[in-house]
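Student: sharing a model that was predicted from the sequence below.
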Amino acid sequence: MKTTKTSVVTKSVLALAAVASLNAFAGPKPAPAPAACASCDNSALSGSLSADYAGSLIFRGLDLGDNVLSTSLNVSVPLAEGFSLSLGSSVARGLSASGGRNGQFGDFQWNTYSLGLNYDAGVVKLGLVYNQYDNVSGGRVGANNSFNEIGLTASASAGALDFGAAVYRDLDRDAWYAQASVGTSVEVTSAVKLVPSVVAGYGFSDYYSPVAGDDGLTHVAANLAAPIKVTKNATLTPYASWNVTGDQRAQNAHNSQLIGGVKFSVGF
């Protein structure tokens with residue numbers, strides 16, 4: 001449904017209010033972050049290296065391409081008390097003709113680069129992050145469709161529940177995106193957990209909508225991951241996600257879709 005276009009100030013207030021009210025953050029991927037390296041508690045540097053295969057790559061509710069392999073490197077560097085610096089990079093590549101717009105094998109490629117400043121306040125964890133997304137070739141959004149953004153994130157736990165929220169400002173377009181999530185973790189055995197979660201995204205700008213002037217829901221996704229501890233520092237995580245498209249993702253081929261994948265990560 002079309003809504004009246006709000007001013008930049010109004011968008012800022014609405015988006016920041018979403019973060020303040022939920023005091024949490026969750027990223028767009030259905031699988032949870034890999035477990036921290038068990039032997040790195042006193043290390044000056046920690047992080048993870050992972051490989052992730054997904055039937056479709058979903059970015060904030062938008063299906064970018066099919067049959068995709070992603071590799072990621074994330075590093076955390078402690079700073080002053082409670083503060084840390086995080087750096088991340090990932091490359092997603094289509095493995096089949098359906099993974100690229102022009103039907104060439106492996107044509108689809110989507111790169112992500114992140115730099116973040118984090119603060120652990122105990123009850124809530126806060127973050128200021130800069131992301132660059134680079135759609136190198138192919139995919140359903142076309143080649144050279146790159147953008148930069150800055151975001152505020154927060155996360156907190158209450159009992160068995162983990163809450164999250166985030167807001168991002170597109171630096172290349174007049175675009176805002178907000179996201180909220182809730183999830184939990186259930187221990188099945190000492191090596192296996194079940195991690196169900198629900199995430200919803202909302203776009204405050206024309207960039208996320210095929211209709212000029214529209215603000216609205218981008219997607220709602222129900223996710224289930226099953227992290228399996230392979231070794232002390234390695235985790236294998238099969239996952240599934242049911243993605244329901246909102247009005248701002250009307251260009252999707254499907255109104256709703258079920259995707260699956262598996263992720264292997266190693267902490268250091």
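Tutor: Done, it's in. Residues are numbered from 1 along each chain as shown.
Student: could you dump the longest strand seen in the chain to PDB, C-alpha only?
Tutor: Longest strand in the chain, counting residues (DSSP state E): strand 62-78. The C-alpha coordinates for strand 62-78 follow below in PDB (Å, rounded to 0.1, in the frame of the first residue of the first chain):
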ATOM      1  CA  LEU A  62      15.400  -9.600  -2.100                       C
ATOM      2  CA  ASP A  63      16.400 -12.800  -4.000                       C
ATOM      3  CA  LEU A  64      19.700 -11.800  -5.700                       C
ATOM      4  CA  GLY A  65      20.600 -15.200  -7.300                       C
ATOM      5  CA  ASP A  66      20.500 -19.000  -7.000                       C
ATOM      6  CA  ASN A  67      23.000 -21.700  -6.100                       C
ATOM      7  CA  VAL A  68      25.500 -19.400  -4.300                       C
ATOM      8  CA  LEU A  69      28.700 -20.100  -2.500                       C
ATOM      9  CA  SER A  70      29.900 -17.400   0.000                       C
ATOM     10  CA  THR A  71      33.300 -17.200   1.800                       C
ATOM     11  CA  SER A  72      33.800 -14.700   4.700                       C
ATOM     12  CA  LEU A  73      36.500 -13.500   6.900                       C
ATOM     13  CA  ASN A  74      35.700 -11.600  10.100                       C
ATOM     14  CA  VAL A  75      38.200 -10.200  12.600                       C
ATOM     15  CA  SER A  76      37.700  -8.500  16.000                       C
ATOM     16  CA  VAL A  77      40.400  -6.300  17.700                       C
ATOM     17  CA  PRO A  78      39.900  -5.200  21.300                       C
END
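Student: buried stuff in it?
Tutor: The neighbour-count check on strand 62-78 (16 or more other Cβ atoms under 10 Å) flags 62, 63, 64, 65, 66, 67, 68, 69, 70, 72, 74, 76 as buried. For the C-beta atoms, the positions are set from N, CA and C on the backbone; glycine is no exception.
Student: contact partners of the helix or strand following that strand?
Tutor: Remark: after strand 62-78, the chain's next helix or strand is strand 83-94, criterion DSSP states H and E. By Cβ atoms under 8 Å, 6 or more residues apart in numbering, the list of residues contacting strand 83-94 from outside reads 57, 64-79, 99-100, 106-120, 127, 129, 138-139.
Student: relative to strand 83-94, what are the paired strands and their orientations?
Tutor: strand 62-78 (antiparallel), strand 109-120 (antiparallel) (DSSP bridges).
Student: relative to residue 95, which of those strands is closest?
Tutor: strand 62-78 (4.8 Å; Cβ to Cβ).
Student: quick one: distance of that closest one to the chain centre.
Tutor: 9 Å (Cα atoms, centre = their mean, to the nearest Å).
Student: next: stretch 53-63.
Tutor: With Cα atoms, centre = their mean, you get 10 Å for stretch 53-63.
Student: buried residues, it. List them.
Tutor: Buried residues in stretch 53-63 (16+ other Cβ under 10 Å): 54, 56, 57, 58, 59, 60, 61, 62, 63.
Student: what is the rounded mean pLDDT of it?
Tutor: Per-residue pLDDT over stretch 53-63 has a mean of 88.
Student: same thing with stretch 240-251?
Tutor: Average pLDDT, stretch 240-251: 80.
Student: measure how buried residue 46 is and give me the count.
Tutor: Neighbour count of residue 46, defined by other Cβ atoms under 10 Å: 19.
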